[in-house]
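> below are the sequence and a predicted model; questions follow.
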Amino acid sequence: MKHIYKQGQISTKPTLLLLHGTGGNEHDLLPLGNLIDPEASVLSVRGEVLEHGMPRFFRRLAEGVFDEEDLIYRTKQLHEFLNEASKEYGFDRNNVIAIGYSNGANIAGSLLFHYENSLRGAILHHPMVPRRGMELPNLANVPVLITAGKNDPICPSQESMDLQNLLEAAGSAVSIHWEMNGHALTQTEVTAAAGWYQQTFSSR
Ligand code: MLT
């Protein structure tokens, strides 16, 4: 998969997996990664699906209606890409924390839903429930932060609450931060994410 890898200054720090929103690319979230943890390694990936020329991480049938078969296939592909990249670049595969926005948050959520040890934690900005009616793996050691808009027309607040409940039922410690700025990724939620990251991972 097309990507950017930046080796961090401290090898015991996590690797931040950056996953952009629809129409974005692997450059979009680099400043955000730097804000969350400037010493961490960064792996920023471009989605391989094109929707009218706009990169995404999986196909959708309509807005908010996912192509489940493609979602499962692309989730596996990303999981395997992480396995390979960890060998190629020499980062700790067990210390990957995803930061995703919108469609990127949805594929990160799908990694959590399908693979027990793919992520050590996740920051999901404006996510939805990637798939319903499935059994989740044990996520007892996988903390998650959701940031969402109470008035988000693309990722309705109920989706964020359902996602929180499903992740918690699988054992994850989930925090949720609410905004009132629609689907926009705002400075205040990124600051909230940085605070959550520091609190959650600095002592481990
Ligand atoms: C999705 O398709 O993943 C969501 O609707 C968010 C987006 O518009 O990318």
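Alright, I've got the coordinates. Residues are numbered from 1 along each chain as shown.

> residues in contact with residue 103?
Residue 103 is in contact with 19, 20, 21, 22, 47, 56, 57, 58, counting by C-beta atoms under 8 Å, 6 or more residues apart in numbering. To be clear about C-beta, it is placed using only N, CA and C from the backbone, and glycine gets the same treatment.

> excluding chain neighbours, give the residue nearest to it in space.
Take residue 103 and drop its neighbours on the chain: the residue closest to it by C-beta to C-beta, 6 or more residues apart in numbering is residue 22, 4.5 Å away.

> near that neighbour, how many other residues are there?
By the criterion of other C-beta atoms under 10 Å, residue 22 has 20 neighbours.

> that one reaches residue 58, doesn't it?
No: taking contacts as C-beta atoms under 8 Å, residue 22 lies outside contact range of residue 58: 10.5 Å.

> for the helix or strand harbouring residue 162, list every residue counted as buried.
Per DSSP states H and E, residue 162 falls inside helix 157-169. By 16 or more other C-beta atoms under 10 Å, the buried positions in helix 157-169 come out as 159, 160, 163, 164, 166, 167.

> does it reach the ligand?
No: remark: helix 157-169 sits outside contact range of the ligand, by C-beta under 6 Å from any ligand atom, the gap being at least 9.4 Å.

> give me the sheet partners of the next helix or strand after that helix and which way each runs.
Next helix or strand after helix 157-169 toward the C-terminus (DSSP H and E): strand 174-179. Within its sheet, strand 174-179 is paired with strand 144-149 (parallel), according to DSSP bridges.

> could you export the partner strand as PDB, CA atoms only?
Below are the C-alpha coordinates for strand 144-149, written out as PDB (Å, rounded to 0.1, in the frame of the first residue of the first chain):
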ATOM      1  CA  VAL A 144     -10.100   3.700  22.400                       C
ATOM      2  CA  LEU A 145     -10.900   7.400  22.200                       C
ATOM      3  CA  ILE A 146     -13.900   8.400  20.100                       C
ATOM      4  CA  THR A 147     -14.300  12.100  19.100                       C
ATOM      5  CA  ALA A 148     -17.600  12.900  17.500                       C
ATOM      6  CA  GLY A 149     -20.000  15.600  16.600                       C
END
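
> before I go, just wanted to say thanks for your time.
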